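Colleague: Build me a model:
(chains A and B)
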Number of protein chains: 2
Amino acid sequence: MKLDDFLGKRCEWLKGEGPSPNIAISTRVRIARNVAGHLYFNRADSRAREKTLEEIISQAKKSRFFKKSLFIKMKDISALDRQFLVERHLMSREHMRLAEHKGLIVDATEIVSVMLNEEDHIRLQSLQSGFNITEAWRIVDDIDTDLGRSIPFDYSGRFGYLTSCPTNTGTGLRASVMLHLSALVMTGQIENVFDAISKVGLTIRGFYGEGTEALGDFFQISNQVALGHSEMDILDNLERVINKIIQRERATRDELLKRKKQEISDGVSRSYGTLKSARIITSNETIKLLSTVRLGVDLGLLTGVETADVNEILLLTQPAHLQKINGKEILPYERDIKRAEIIKSKLKEKN
Amino acid sequence: MKLDDFLGKRCEWLKGEGPSPNIAISTRVRIARNVAGHLYFNRADSRAREKTLEEIISQAKKSRFFKKSLFIKMKDISALDRQFLVERHLMSREHMRLAEHKGLIVDATEIVSVMLNEEDHIRLQSLQSGFNITEAWRIVDDIDTDLGRSIPFDYSGRFGYLTSCPTNTGTGLRASVMLHLSALVMTGQIENVFDAISKVGLTIRGFYGEGTEALGDFFQISNQVALGHSEMDILDNLERVINKIIQRERATRDELLKRKKQEISDGVSRSYGTLKSARIITSNETIKLLSTVRLGVDLGLLTGVETADVNEILLLTQPAHLQKINGKEILPYERDIKRAEIIKSKLKEKN
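Modeller: Take a look at the predicted model:
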């Protein structure tokens, strides 16, 4: 398989499937591992970095889990392709910046990806559509066990798995759920949610992860520390809290539909109308409008459109996807025009 | 004919016909007259006011110009109907407030209307679609001559026609043109136009005349004084200046189309999309959006819609029209919902 084969596919995190997909967009579980006896990435010189990369790739290729995977060296692909992988949530923004000695393994289903030589030697993740911590963890755990048989992970009896940054040390685990919390934002309850979350060791991030802004009422909630608790404790805590948030968002949406149907309907219909009629549109505006349309689909206020359709447009209108569809790189201003064209044609298919 | 017969008709000032109808919406010429030997309205008591009203009506009914006209006493019609007449530009807001002893004559074509016992005993106006001062004046002048044969107008050899407010004394003439100046607003040239206008004895007003705001780039330009110049001088001056403004607006629109087609097109399409998709919409937002759509029609950026269609929606979505279509009075909030329904159905007919 080739990288471009992904372009025609709906990526895992936007499939609109799994439990509670209208509120929980996707679930991600990742673990950080380093290879014992190898200098950590930031400390290693060029030769050592390359050696680590090669060794992991060679071992991973033998794993039954990566039989149908794409092995990518960052320096072999264009900056546009790197951004494309970030937009599909297959790797971090950090991993895109400096290409040298960095690698990525992506499963054909896009459920599993492994960053090589990011901050740690290995960052293994599993993505699931909807709210599905259990399945995401099961997959990561299985692959971790398998890889651990051929790669000696750096482990301390006292601290657990050792990592480049101490916040990851211990389990090396970070689990996050991307939530769409329109009703909680609309009713001003979101601040309370933020407060509550920070008190139970969780943290909130924006649309593209660490250091990014919240856009269109999309929020990523994840555990803050990896040390001092077992994997199960960390995941159970997250699951419990997210469940409560989903319930509250659900109840608030239903309440809004009862009390303010006309206003919500107006906002949804206007957003949909703007998406269909814009001739120039930025990425941020697109995300905001799609967020409202997504709420409308959930509340049954729009017919002929489904959550997965909204998600697909959300994916395809991101800058790198847009340029790959376009066949060549284009300037931001031209992108805004092309984006409007893509949205128009995608929504025309639906109506 | 009955007042309600007007409801199904396109009123004169929004017909979208006549010279330059895409920039000059309509032309209005009115004269103020008072009946000699009768106390002016503000000075007269109830009996005197009623006597003046009856006398003018009785004379006007004999005129060949009012054979097919509607004679209305304000106290006989509802507040909603009064507002309806204001929205059709057949009388002033002032005339709607206190109904007692006030009358209105409206020609079946809505080209001519006469306010009785407004500020002056007689305020005779002619409306023309587009930029048509000559025709509007010809009609007013003919009727003035005819009425003057049976009604002795208050006239001073030194000042000319005498009026309640000195700004109208002399010719009693006010001519105004409603202009749609989107391109001049968009390019920031409108302030210069305002400055230039005030230097040549003209004045600018908003959408509903004296004391109202400019809405949706619609401006009424009229002469400021009625004294010291002949009717012809006043009208020639206005015609000359308005011609220049129309030319400048035209040139600026064409220039915008050349240089910023994509942006204008985006704005026009979005405005049209919002009008079609809103479920709740205020009168002010409607006027603003229709203003942009109107520009788009002129520039050939929208197909299937014509200036007259835009004008019709502009008329029908005003509060009183809306409520008359609805068959009963409704609260402002319900109006905003009804307005959205009317717009949607009117635009559906077109596409």
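Colleague: Please count neighbours and contacts with C-alpha atoms only from this point.
Modeller: Fine.
Colleague: Quick check: buried residues in stretch A:245-263?
Modeller: By neighbour count on 16 or more other Cα atoms under 10 Å in any protein chain shown, the buried set for stretch A:245-263 is A:245, A:246, A:248, A:249, A:250, A:252, A:253, A:256, A:257, A:262, A:263.
Colleague: From the residues you listed, pick the one nearest residue A:77.
Modeller: For the buried residues of stretch A:245-263, the residue nearest residue A:77 by Cα to Cα is residue A:246; the value is 38.9 Å.
Colleague: check which helix or strand covers that closest one.
Modeller: Assigning secondary structure by DSSP states H and E places residue A:246 in helix A:231-259.
Colleague: other SSEs contacting that helix?
Modeller: Judged by 3 or more Cα pairs under 8 Å, 6 or more residues apart in numbering or on different chains; DSSP states H and E, helix A:231-259 is in contact with strand A:173-180, helix A:182-186, strand A:218-223.
Colleague: How is the residue in the stretch 1-150 of chain A positioned nearest to chain B assigned, secondary-structure-wise?
Modeller: Sorted by distance to chain B under Cα to the nearest Cα, the residues of the stretch 1-150 of chain A start with residue A:22, at 23.2 Å. Following DSSP: H, G, I helix; E, B strand; the rest coil, we place residue A:22 in the coil state.
Colleague: Roughly how far does the nearest residue to it once chain neighbours are set aside sit from chain B?
Modeller: In space, and not counting its chain neighbours, residue A:22 is closest to residue A:298: 6.2 Å by Cα to Cα, 6 or more residues apart in numbering or on different chains. Separation of residue A:298 from chain B (Cα to the nearest Cα, to the nearest Å) stands at 18 Å.
Colleague: do residue A:228 as well
Modeller: In terms of Cα to the nearest Cα, residue A:228 sits 53 Å off from chain B.
Colleague: about what we covered before: mean neighbour count for the helices and strands packed on helix A:231-259 - can I get that in a markdown table?
Modeller: Listed next are the helices and strands packed on helix A:231-259 as a markdown table, based on neighbours: other Cα atoms under 10 Å in any protein chain shown:
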| stretch | mean neighbour count |
| --- | --- |
| strand A:173-180 | 26 |
| helix A:182-186 | 19 |
| strand A:218-223 | 23 |
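Colleague: Would you tell me which of these gets closest to chain B?
Modeller: Per Cα to the nearest Cα, nearest to chain B of the helices and strands packed on helix A:231-259: helix A:182-186, 17.9 Å.
Colleague: Against which helices or strands is the closest one packed?
Modeller: Taking 3+ Cα pairs under 8 Å, 6+ apart as the contact cut, helix A:182-186 packs with helix A:231-259, helix A:283-298.
Colleague: confidence score at the residue nearest to residue A:22?
Modeller: If you check residue A:298, the pLDDT there is 95.
Colleague: doesn't residue A:21 make contact with it?
Modeller: No. The criterion here is Cα atoms under 8 Å, and residue A:298 misses it with residue A:21 at 9.6 Å.
Colleague: contacting residues around the helix or strand where residue A:265 lies?
Modeller: Using DSSP H and E, residue A:265 sits within helix A:261-277. Contacting residues not belonging to helix A:261-277 are listed as A:256-257, A:286, A:289-290, A:292-293, A:295-296, A:301-302, A:340, A:343-344, A:347, B:266, B:269-270, B:272-274, B:276-280 [Cα atoms under 8 Å, 6 or more residues apart in numbering or on different chains].
Colleague: run the last query once more with 6 Å
Modeller: For helix A:261-277, contacts defined as Cα atoms under 6 Å, 6 or more residues apart in numbering or on different chains pick out A:289, A:292-293, A:296, A:344, B:269-270, B:273-274, B:277-280.
Colleague: Would you mind listing the buried residues in that helix?
Modeller: Those would be A:262-277, for helix A:261-277 by 16+ other Cα under 10 Å.
Colleague: what does stretch A:104-114 give?
Modeller: A:104, A:105, A:106, A:107, A:108, A:110, A:111, A:112, A:113, A:114.
Colleague: Pick out the most distant pair among these.
Modeller: So, the buried residues of stretch A:104-114 by Cα to Cα: farthest apart are A:104 and A:111, at 13.4 Å.
Colleague: okay, and the common contacts of these two?
Modeller: What both residue A:104 and residue A:111 touch, as defined by Cα under 6 Å, 6+ apart, is an empty set.
Colleague: Flag the shaky bits of the stretch 1-150 of chain A, pLDDT-wise.
Modeller: Judged by pLDDT under 70, the stretch 1-150 of chain A has no weakly predicted residues.
Colleague: mind checking which of the helices and strands packed on helix A:231-259 is nearest residue A:66?
Modeller: strand A:173-180 (21.0 Å).
Colleague: by how many degrees do that closest one and strand A:218-223 diverge?
Modeller: 150 degrees (axes from the mean of the first three to the mean of the last three Cα atoms, to 10 degrees).
Colleague: so how far is strand A:173-180 from its chain's centroid?
Modeller: 8 Å (Cα atoms, centre = their mean, to the nearest Å).
Colleague: what packs against that strand?
Modeller: strand A:24-33, strand A:218-223 (3 or more Cα pairs under 6 Å, 6 or more residues apart in numbering or on different chains; DSSP states H and E).
Colleague: Going by neighbour count, which residues of stretch A:215-235 are buried?
Modeller: In stretch A:215-235, counting by 16+ other Cα under 10 Å, buried: A:215-227, A:231, A:234-235.
Colleague: Using TSV, lay out the buried residues of stretch A:104-114 together with secondary structure and distance to chain B.
Modeller: Converted to TSV, the buried residues of stretch A:104-114 look like this (DSSP: H, G, I helix; E, B strand; the rest coil; distance: Cα to the nearest Cα, whole Å):
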residue	secondary structure	distance to chain B
A:104	strand	40
A:105	strand	42
A:106	strand	39
A:107	strand	41
A:108	coil	39
A:110	coil	36
A:111	coil	38
A:112	strand	41
A:113	strand	40
A:114	strand	42
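Colleague: so how far is chain B from residue A:158?
Modeller: 61 Å.
Colleague: which residues touch that residue?
Modeller: Applying Cα under 6 Å, 6+ apart, no residues contact residue A:158.
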